[in-house]
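Peer 1: I'll drop the sequence and a predicted model, then ask my questions.
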Amino acid sequence: MSVLYLIIPIVILLVALAIWLFMWAVKSGQFEDMEGPAHRILLDDDLKSDDDKKQKPPE
Amino acid sequence: MNKNKINNCFHCGLPIPESASYSVVINNQSEPMCCRGCQAVAQAIVDNGLSAFYEQRTAISPKASEQIPDVLKQMELYDRADLQESFVEINEDAVREASLMLEGIVCSACVWLNEKHVNALPGVIEFYINYSTQRARLKWDDSQIHLSSILKAISEIGYIAHPYNPDHQEQIHRQERQRSLRRLFVAGIGMMQVMTYAVALYAGAYQNMEHTTKILFWWVSLLIATPVVLYAAQPFFISAWRDLKSRHLGMDVPVSLAIGGAFLASVWATLTQQGEVYFDSVSMFTFFLLTGRFLEMSARQRAGQAAEELMRLLPAFALRKVGNSEEMVPVSDLVVGDCVLIKPGDIVPVDGVVIDGSSSVDESLLTGESKPLRRVTGDMLVGGSLNVESPLLMNVEKVGEETVHASIVRLLDRAQTEKPEIARIADRVAGWFVAVLLVIATVVAWWWWKHAPEDAFWIVLATLVVTCPCALSLATPAAIAAATSTLTQLGVLTTRGHALETLSHVDQIIFDKTGTLTEGELHLEQVKVLHDTDEKNCLTIAGALEAWSEHPIAKVLSKNNSFQAASVTATAGKGVEGLVGNKLYRIGNYEFVAGFCAGRSEPEQDNTSNTLVYLGDEQNMLAVFVLSDSIRQGAQLALQAIRKLGIDVHLLSGDEIKTVTAVAQKLDIIHYKAGFLPEDKLSYMQGLQAKGHVVAMVGDGVNDAPVLAGAQVSLAMGGGTRLAHASADMILLSEKLQNLPESIHMAKRTLGIIRQNLTWAVLYNAIAIPLAVSGFIAPWMAALGMSASSLLVVLNALRLKKL
């Protein structure tokens, strides 16, 4: 079972990393707006090409 | 794509008057527009290469009003340094930051449009709109662009942005949310990790796990559970400590005792390498409790963004008249005795008396009165009401804290702090339970210490663990969390934990009228043709005339404006006169029209709440339009269902008696009162409460806010004001009144489940405690029993997920 002595520290390191990542995410405001990005990503994809086909004003 | 493309404005979807010839080329196709405002906005969107907005939007845009030079000039005031002080943060150099509130956002494409447009402006460093709150964060370089230019750019594409001061409360909310998220995550990850080792340990117990491996797992579990207990569970300890200091035993005391006790015992077991560890139970318990609290907090915060919203009822600037000149000043600079000019469409900034002019004023936001009221020289004006028709000159009488507006806010504050007793009863019962538990534990410890000191610690621990109020303290929150999420799917948002429990006890419901039982808007109910003409013709003439009036009644009739009227004159409070197709017509109240027709007819008899509008030409009265605020669909059925549950229905309204009676009769409501001010409503409700009734209040307006806050349980309509939302315990987002009886039913079921859970928890304790006390239960059995009983409680609660 000596492999445990290797695996357990690795797991604990991973957990520490996950917690650190999450703390960073909270701090940088990733959880402030839970709906926006879902819509934004779809719109940006569809609409990007629009910038260069500018319309002419009428009359 | 758009079914009514030919007749309706491409931008706002409203019908296009026949005479209008506005259009904009969008995606190589000429699209019709209803007015110059919409045309300008659509043109600005196209010119900025953002026309894809029209393909992506999922809701029709609000009608764009034409840019009024005055409003644009007003925006420039936001550039003044003394004004910026309150809402702008100045970073290094010329970089500034401000928060904006946006009006007119209806779908995700609006967010995209605004972000694209503003971010493209030179000098704007960052502009980000929070989708859920519809607030924006703006960062700009003041040396390149001024705030007013950014605000103007936003209004160019048809939205209105107000800078606001993200007050203290909002920052506290944000911090609170971030802290809870961190705690939740630490508890969650910790729980998963510790559980892995716990499974191995349980399995190992049967498969003869080596002692060293077992001890290793204990140490690892200890390492992981420590942050869970010391960091994630901190709020329980803090609030338990607060409870103890105020000599009151709340639910947090046994919770902390269980978490702290089980953790310390496990640490002791690990250090001495004997006994049992409970790290898994501790982490799981912490995580479940934190989840419940987090959900409750999020819902409460979402509903509670009211403070600035209410302040927004008041304008930031007022037009002060000094001698013969006018100057724009911040409202905070106004003093008693100042002379203020209020233009039509403006909001009255402070309380005062009319000294010149006459107009109708819409006070619906403050008093609930649905129709605009006449205000002439000498009449009082209340800050926050809207001037509808013509300019008024007002002498300022009250400012700041003394205004009616401010007093409503204070009334609300007071009522909110006087929350009902029922919510605290559960806590008190728990207090007793804990006290008894502690006494038992002490007695057990003392007895065993005398008779078998070597077993004393483990037996006391088993007693504490087995009696751990986990099941007891999860019984209520688990059921409430499950019921809340089911109700949310129905469109009923629960914002305070006690709401469901209280709702199930309700025996009296008070309804507000305008906007709650009724739609809150006037509709054309009937056209009575009085002379030799047809309905359609009358409507066309009325539409043409009323298109010129700003009066809310006019807006109902001006929907059919396919004709254009000429030389129109509007008389405030009376009606409109004008030429349609070379013939002179008048539309308005009876006296106004009768004073013009040669062959007059008698006024219509109408004892209902309806508003009557007459139309006539120079010879004859042509028609009467009957307008009414129609009763919400399903109100009748909903009220029937509520009565079937044995609940009395009351109707309290600020409206006139005629209107209220009509609505009450239609809906078979016996108890109704009219002309009630917020104070009257509050005291009426307190009268009911004094008789021992449990009262629910359903309302929607600012005027209802104090009553909503004072009722044992309150529900706000989804379309109501933010303030009403903030003071309500539940929000009917769906606006369907039928959901109300369903919610009550759900609340009753929830209470049933809670009772079952509590019975189970008590029963379990009643069996387990004697066994534990007499030393028959080993700590590991205690832990298993505790987990099993908690699990049972949670699973039982999950039955509420089904409707």
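Peer 2: Okay, I see it. All figures in this text were calculated on a predicted structure; none of them were measured in a lab. Residues are numbered from 1 along each chain as shown, chains lettered A, B, ... in the order given.
Peer 1: From the contact counts, what lies against the lengthiest helix in chain A?
Peer 2: The residue-count maximum for a helix in chain A (DSSP state H) belongs to helix A:3-27. The elements that helix A:3-27 packs onto, with contact taken as 3 or more Cβ pairs under 8 Å, 6 or more residues apart in numbering or on different chains; DSSP states H and E, are helix B:168-206, helix B:211-227. Bear in mind the C-beta positions are built from the backbone N, C-alpha and C, glycine included.
Peer 1: Next one: the last one, is it in contact with chain A?
Peer 2: Same thing as helix B:211-227. Yes: counting by Cβ under 8 Å from any Cβ of the partner chain, contacts between helix B:211-227 and chain A involve B:213, B:216, B:220, B:223, B:224.
Peer 1: likewise the longest one?
Peer 2: Yes: applying Cβ under 8 Å from any Cβ, one finds helix B:168-206 in contact with chain A at B:174, B:177, B:178, B:181, B:182, B:185, B:186, B:189, B:193.
Peer 1: can you list the residues of helix B:211-227 next to chain A in a markdown table and add distance to residue A:37, pLDDT and neighbour count?
Peer 2: Shown next, in a markdown table, are these (distance: Cβ to Cβ, whole Å; pLDDT from 0 to 100; neighbours: other Cβ atoms under 10 Å in any protein chain shown):
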| residue | distance to residue A:37 | pLDDT | neighbour count |
| --- | --- | --- | --- |
| B:213 | 45 | 88 | 14 |
| B:216 | 43 | 90 | 16 |
| B:220 | 37 | 92 | 20 |
| B:223 | 35 | 93 | 17 |
| B:224 | 32 | 93 | 23 |
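Peer 1: Would you convert the residues you listed into CSV that also reports distance to residue B:588?
Peer 2: Below are the residues of helix B:211-227 next to chain A laid out as CSV (distance: Cβ to Cβ, whole Å):
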residue, distance to residue B:588
B:213, 92
B:216, 90
B:220, 84
B:223, 81
B:224, 77
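Peer 1: buried residues in the longest helix of chain A?
Peer 2: Applying a neighbour-count criterion of 16 or more other Cβ atoms under 10 Å in any protein chain shown, one finds A:8, A:11, A:15, A:19, A:22, A:26 buried in helix A:3-27.
Peer 1: possible to save those as TSV with pLDDT?
Peer 2: Formatted as TSV, these follow (pLDDT from 0 to 100):
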residue	pLDDT
A:8	89
A:11	91
A:15	92
A:19	92
A:22	92
A:26	89
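Peer 1: Against chain A, how distant is residue B:740?
Peer 2: Separation of residue B:740 from chain A (Cβ to the nearest Cβ, to the nearest Å): 27 Å.
Peer 1: ok, that residue touching residue B:638?
Peer 2: Yes: using Cβ atoms under 8 Å, residue B:740 makes contact with residue B:638 at a distance of 5.6 Å.
Peer 1: Neighbour count for the two, which is higher?
Peer 2: residue B:740 (24 against 21; other Cβ atoms under 10 Å in any protein chain shown).
Peer 1: for the more buried one, helix, strand, or coil?
Peer 2: At residue B:740, secondary structure determined by DSSP: H, G, I helix; E, B strand; the rest coil is helix.
Peer 1: what's near enough to touch it?
Peer 2: Contacts for residue B:740 were tallied using Cβ atoms under 8 Å, 6 or more residues apart in numbering or on different chains; they are B:638, B:642, B:698, B:715, B:732.
Peer 1: Now go through the residues you listed and say which are in helices.
Peer 2: Among the contacts of residue B:740, the members found in helices (DSSP H) are B:638, B:642.
Peer 1: Considering only the contacts of residue B:740, which also neighbour chain A?
Peer 2: Among the contacts of residue B:740, proximity to chain A is found for none (Cβ under 8 Å from any Cβ).
Peer 1: how about low-confidence regions in the stretch 151-300 of chain B?
Peer 2: Residue ranges of the stretch 151-300 of chain B with pLDDT under 70: B:164-170, B:249-251, B:254, B:292, B:295-300.
Peer 1: likewise chain A?
Peer 2: Judged by pLDDT under 70, the stretches of chain A that qualify are A:1, A:43-59.
Peer 1: ok, now with 50
Peer 2: For chain A, applying pLDDT under 50 flags the ranges A:48-59.
Peer 1: about what we covered before: adding neighbour count, write the residues of helix B:168-206 next to chain A out as CSV.
Peer 2: Shown next, in CSV, are these (neighbours: other Cβ atoms under 10 Å in any protein chain shown):
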residue, neighbour count
B:174, 14
B:177, 17
B:178, 16
B:181, 19
B:182, 18
B:185, 20
B:186, 25
B:189, 21
B:193, 24
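Peer 1: The closest residue to residue B:583 other than its chain neighbours bridge partners, please.
Peer 2: For residue B:583, ignoring the flanking residues on the chain, the nearest one in space by Cβ to Cβ, 6 or more residues apart in numbering or on different chains is residue B:617 at 5.9 Å. Residue B:617 has these beta-bridge partners by DSSP bridges: residue B:585.
Peer 1: So the residue in the stretch 551-700 of chain B that chain A sits nearest to, which state does it fall into?
Peer 2: For the stretch 551-700 of chain B and chain A, the shortest gap (Cβ to the nearest Cβ) falls at residue B:564, measuring 21.6 Å. At residue B:564 the chain is in coil, as set by three-state DSSP.
Peer 1: again with residue B:37
Peer 2: Of the three states, residue B:37 takes helix under three-state DSSP.
Peer 1: burial count for residue B:378?
Peer 2: 8.
Peer 1: What are the neighbouring residues in contact with it?
Peer 2: Listed by Cβ under 8 Å, 6+ apart, the contact set of residue B:378 reads B:353, B:354.
Peer 1: How about residue B:294: what's its closest non-neighbour residue?
Peer 2: residue B:180 (5.0 Å).
Peer 1: Give me the helix or strand of chain B that scores worst on average pLDDT.
Peer 2: Every helix and strand of chain B was ranked by mean pLDDT, DSSP states H and E. The lowest is helix B:307-311, at a mean of 49.
Peer 1: That one: what's the following helix or strand?
Peer 2: Moving toward the C-terminus from helix B:307-311, the next helix or strand (DSSP states H and E) is strand B:317-322.
Peer 1: Report the angle between whichever helix or strand comes after that following strand and strand B:317-322.
Peer 2: Using DSSP H and E, the helix or strand that follows strand B:317-322 in sequence is strand B:325-330. Following axes from the mean of the first three to the mean of the last three Cα atoms, to 10 degrees, one obtains 150 degrees for the angle between strand B:325-330 and strand B:317-322.
Peer 1: helices and strands around strand B:325-330, which ones?
Peer 2: Using 3+ Cβ pairs under 8 Å, 6+ apart: strand B:325-330 touches strand B:317-322.
Peer 1: What residues of the strand it packs on count as buried?
Peer 2: Counting neighbours by 16+ other Cβ under 10 Å, one finds that the buried residues in strand B:317-322 are B:317, B:318, B:319, B:320, B:321.
Peer 1: show me what contacts residue B:263?
Peer 2: B:225, B:229, B:278, B:279, B:282.
Peer 1: Between all of the residues you listed, which two are separated the most?
Peer 2: The most widely separated members of the contacts of residue B:263, counting by Cβ to Cβ, are B:229 and B:278 (11.0 Å).
Peer 1: returning to that earlier point: looking at the residues of helix B:211-227 next to chain A, spot the one nearest residue B:377.
Peer 2: residue B:224 (76.2 Å).
Peer 1: Pull the contacting residues for the nearest residue to the closest one once chain neighbours are set aside.
Peer 2: Nearest non-adjacent residue to residue B:224, counting by Cβ to Cβ, 6+ apart: residue B:193, 4.8 Å away. Contact partners of residue B:193, counting by Cβ under 8 Å, 6+ apart, are A:11, A:15, B:224.
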